[in-house]
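**Student:** what follows is a predicted structure for the sequence shown.
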Amino acid sequence: MADRLSILIAEDNSADRMLLSTIVSRQGHRVLTASNGLEAVALFELERPQLVLMDALMPVMDGFEAARRIKLQAGDELVPIIFLTSLSEGEALVRCLEAGGDDFLAKPYNRVILEAKIKAMDRLRRLQATVLRQRDVIAQHNEHLLREQRVAKEVFDRVAHSGCLSASNIRYLQSPYALFNGDLLLAAYRPSGGMHVMLGDFTGHGLPAAIGAMPLAEVFYGMTAKGHALAEILREINAKLKRILPVGVFCCATLLNISSKRGLLEVWNGGLPDGYVLHEDGRPRQALVSRHLPLGILEPAAFSDRCEVYPLQLGDRILLLSDGVQEARNAEGQLFGESRLLEVMNANQQSRMLFDEIQQALVAFRGEQEDDVSMLQVGFEDEGTVLHPLAFADAGHSQPQDWSASFEFRAHSLRHFNPLPYLLQLLMDVKALRPRGGEIYTVLTELYSNALEHGVIGLDSALKRDAKGFAEYYRERRLRLAQLQDGYVRFHLQLRALERGGRLTVRVEDSGAGFDPQALAAAPASFSGRGLGLIRALSDACYCGNAEPGVSVEFCWASDA
């Protein structure tokens, strides 16, 4: 026998009410009785029975109105109502269902049929209760997952957006298909000026697509802040993603190195749609075509970091797009497609308006969004002498340390290795030096160039008197460096903790004639141009001689306390 139920019988005929009470009681159930609809509603509110046998036609309040009120009181809980009716079967069914009834029983009553209907309604009630419990469990799990995702997204955003996406020359659009965006936008200033920029698109959507973004961002920001070249960053990102991502997950990406000093753009595109260089002077746009496989697919030995180089002029813009732009669909399921994108681009009259025109075309075209849509525009502008803050991926040491170290880079290393990122990485582990990372890198660059070009390979800076002379100077530099067999450049680094701060001393010497003390003394401190004047302007002290070869510079800082 089924579990004992509490059953409400609402019947105005006392004989029928007694008959039903007897049948139901003998089946082992608890019986509650009412003689009209109003009593039934009041009794239901008081006792909360699990099933109702409701006469359709009763005085004071009929069964149909009573059924509607009982269903309203029951809320999400299923309380089956079996109507007791002498109406024709078709009419009874329609009116019962419209009033909220779940079944009906025609008069005169049949004990066997009544018992079967009670059991059937009980099974339905239990099924509904099970569904409601499962719904509540699912809702709790869903809320828990949403809380975790909100926390994870906040961490993700802080890591991914710790660079310079807010710079005045950058515009971007990100419309995520899910809470997490599989598209990734990164931008960071370089210590030597200019910036590295990346648009990435991981396979899939949501958290699985974003899972590789945090380690990628750590590598991007950390290596950019410490002066590494774009090729080195590419190799490290690819190796890391190949190591940690499961098969089938990879990152299509375009990475840019925008050099404000040289007016050059380095581009690496692996699997993303064409980007474009938009020229302010009306020249035809330059497509930045994908020539590589996405990041995280190839083994390090097979990976190519070869970049393409394009000249830039002031006012030029670089536009990057994720495949979500072309794959946007309208209400009819049509793709926005490359042809529509090219139509917008071909109709453009002013390059500075193209970003807005593409965005407006997408809004006008798109119905449902089925992919992450990202657009990024970077304008090329003259940074002048502005030194931007660098974005570091780690916190750095909390206190300065006392240490000194010397490095000697000989011919083979000078031909094939740029030691400056290596040295800057060592120095930028000191938190107190990080605010001056750009200044330190610029000074190291000038000292190293002076030692290598004039001291080791003996170039004459007088060649750089005009554009033709500059070209000849750097052609000769490449030839002499390729043929270099001996010589060295030495860096001596000393970090001292002082009572109220600290001091970094860097001394650079070379195997050539060394630095000219008179030239150093005569060079006025200046932020414009290059050379010893710039070194004097950026450092706190600069001197040559003092019984030690080479040039020494100092950078000082005060403690926070």
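**Tutor:** Received, thanks.

**Student:** tell me the secondary structure at the residue lying closest to L19 once chain neighbours are set aside.
**Tutor:** Ranked by C-beta to C-beta, 6 or more residues apart in numbering and with sequence neighbours excluded, the top spatial neighbour of L19 is Y109, at 6.6 Å. The C-beta positions use only the backbone N, C-alpha and C, and glycine is treated the same way. Here Y109 is coil, with the state taken from DSSP: H, G, I helix; E, B strand; the rest coil.

**Student:** residues touching stretch 28-38, excluding its own?
**Tutor:** Contact with stretch 28-38 is made by 1-2, 4-12, 14, 17, 21, 24-25, 40, 42-43, 47, 49, 54, 58-63, 65-66, 118, as judged by C-beta atoms under 8 Å, 6 or more residues apart in numbering.

**Student:** and the end-to-end length of that stretch?
**Tutor:** The first residue of stretch 28-38 is 26 Å away from its last residue (C-alpha to C-alpha, to the nearest Å).

**Student:** all strands of the stretch 251-400 of the chain, in order?
**Tutor:** 251-259, 264-270, 275-278, 286-288, 308-311, 317-321, 373-379 (DSSP state E, counting those that start in this stretch).

**Student:** can you add mean pLDDT and mean neighbour count and give these back as a markdown table?
**Tutor:** Formatted as a markdown table, those follow (pLDDT from 0 to 100; neighbours: other C-beta atoms under 10 Å):
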| stretch | mean pLDDT | mean neighbour count |
| --- | --- | --- |
| strand 251-259 | 95 | 24 |
| strand 264-270 | 96 | 22 |
| strand 275-278 | 94 | 22 |
| strand 286-288 | 94 | 18 |
| strand 308-311 | 93 | 12 |
| strand 317-321 | 94 | 23 |
| strand 373-379 | 91 | 23 |
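
**Student:** which one of the ones you listed lies closest to I440?
**Tutor:** With C-beta to C-beta, the closest approach to I440 among the strands of the stretch 251-400 of the chain belongs to strand 251-259: 18.8 Å.

**Student:** now for that closest one, which elements pack on it?
**Tutor:** On a contact count with 3 or more C-beta pairs under 8 Å, 6 or more residues apart in numbering; DSSP states H and E, strand 251-259 meets strand 195-202, helix 230-244, strand 264-270, strand 317-321.

**Student:** and the second one with strand 251-259, angle?
**Tutor:** Meaning helix 230-244. 160 degrees (axes from the mean of the first three to the mean of the last three C-alpha atoms, to 10 degrees).

**Student:** related to what we said a few turns ago, the contacts of stretch 28-38 in helices, which ones?
**Tutor:** Within the contacts of stretch 28-38, residues falling in helices by DSSP state H are 14, 17, 21, 24-25, 40, 42-43, 47, 63, 65-66, 118.

**Student:** can you put the residues you listed in a markdown table and add pLDDT and distance to L481?
**Tutor:** Output for the ones in helices among the contacts of stretch 28-38, formatted as a markdown table (pLDDT from 0 to 100; distance: C-beta to C-beta, whole Å):
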| residue | pLDDT | distance to L481 |
| --- | --- | --- |
| S14 | 90 | 113 |
| R17 | 91 | 108 |
| S21 | 93 | 107 |
| V24 | 92 | 102 |
| S25 | 92 | 105 |
| A40 | 93 | 99 |
| A42 | 94 | 99 |
| L43 | 95 | 99 |
| E47 | 92 | 96 |
| G63 | 88 | 100 |
| E65 | 92 | 97 |
| A66 | 93 | 98 |
| I118 | 91 | 96 |
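
**Student:** circling back to that earlier point, which one of the strands of the stretch 251-400 of the chain lies closest to V94?
**Tutor:** Nearest to V94, of all those, is strand 373-379, at 50.2 Å by C-beta to C-beta.

**Student:** direction included, what does that closest one pair against?
**Tutor:** Using DSSP bridges, the strands paired with strand 373-379 in its sheet are strand 170-175 (antiparallel), strand 317-321 (antiparallel).

**Student:** could you point out which element follows the first one?
**Tutor:** Past strand 170-175, heading to the C-terminal end, the next element that is a helix or strand (DSSP states H and E) is strand 183-189.

**Student:** so P300 sits right up against E236, yeah?
**Tutor:** No - using C-beta atoms under 8 Å, P300 is not in contact with E236; the gap is 9.3 Å.

**Student:** tell me which of those two has more neighbours.
**Tutor:** For P300 versus E236, neighbours defined as other C-beta atoms under 10 Å are more numerous around E236 (18 against 12).

**Student:** which pLDDT value does the model give that one?
**Tutor:** Here, the pLDDT recorded for E236 equals 96.

**Student:** list the contacts of it.
**Tutor:** Contacts of E236 (C-beta under 8 Å, 6+ apart): V219, M223, H228.

**Student:** break this structure into its domains for me.
**Tutor:** 6-131, 161-379, 403-558 (automatic domain parsing).

**Student:** hang on, the earlier thing: and Q134, which of the helices and strands packed on strand 251-259 is closest to it?
**Tutor:** Taking the helices and strands packed on strand 251-259 one by one with C-beta to C-beta, strand 195-202 is closest: 33.0 Å.

**Student:** and that closest one, which strands flank it?
**Tutor:** Checking strand 195-202 against DSSP bridges gives partners strand 183-189 (antiparallel), strand 251-259 (antiparallel).

**Student:** tell me the mean pLDDT for the shortest one?
**Tutor:** For strand 183-189, mean pLDDT rounds to 90.

**Student:** residues making contact with that strand?
**Tutor:** For strand 183-189, the surrounding residues in contact (C-beta under 8 Å, 6+ apart) are 160-161, 163-165, 167, 170, 172, 174, 176, 195-202, 210, 213, 216-217, 220-221, 224-225, 251, 322, 324, 372-374, 376, 378, 388-391, 438.

**Student:** tell me the buried residues within those.
**Tutor:** Buried subset of the contacts of strand 183-189 (neighbour count, 16 or more other C-beta atoms under 10 Å): 160, 163-165, 167, 170, 172, 174, 176, 195-202, 210, 213, 216-217, 220-221, 224-225, 251, 322, 324, 372-374, 376, 378, 388, 390-391, 438.

**Student:** contacts only, for S192.
**Tutor:** Contacts for S192 (C-beta under 8 Å, 6+ apart) come out as G227, K261, G438, Y441, T442, T445.

**Student:** recalculate using a threshold of 7 Å.
**Tutor:** Counting by C-beta atoms under 7 Å, 6 or more residues apart in numbering, S192 touches G227, Y441, T442, T445.

**Student:** quick one: buried residues of the helix or strand hosting the last one?
**Tutor:** Right, T445. Here T445 sits within helix 437-450, counting by DSSP H and E. Across helix 437-450, burial judged by 16+ other C-beta under 10 Å covers 437-448, 450.

**Student:** give the residue spans of the stretch 101-250 of the chain that score low on pLDDT.
**Tutor:** Low-confidence segments of the stretch 101-250 of the chain (pLDDT under 70): 176-181, 205-209.
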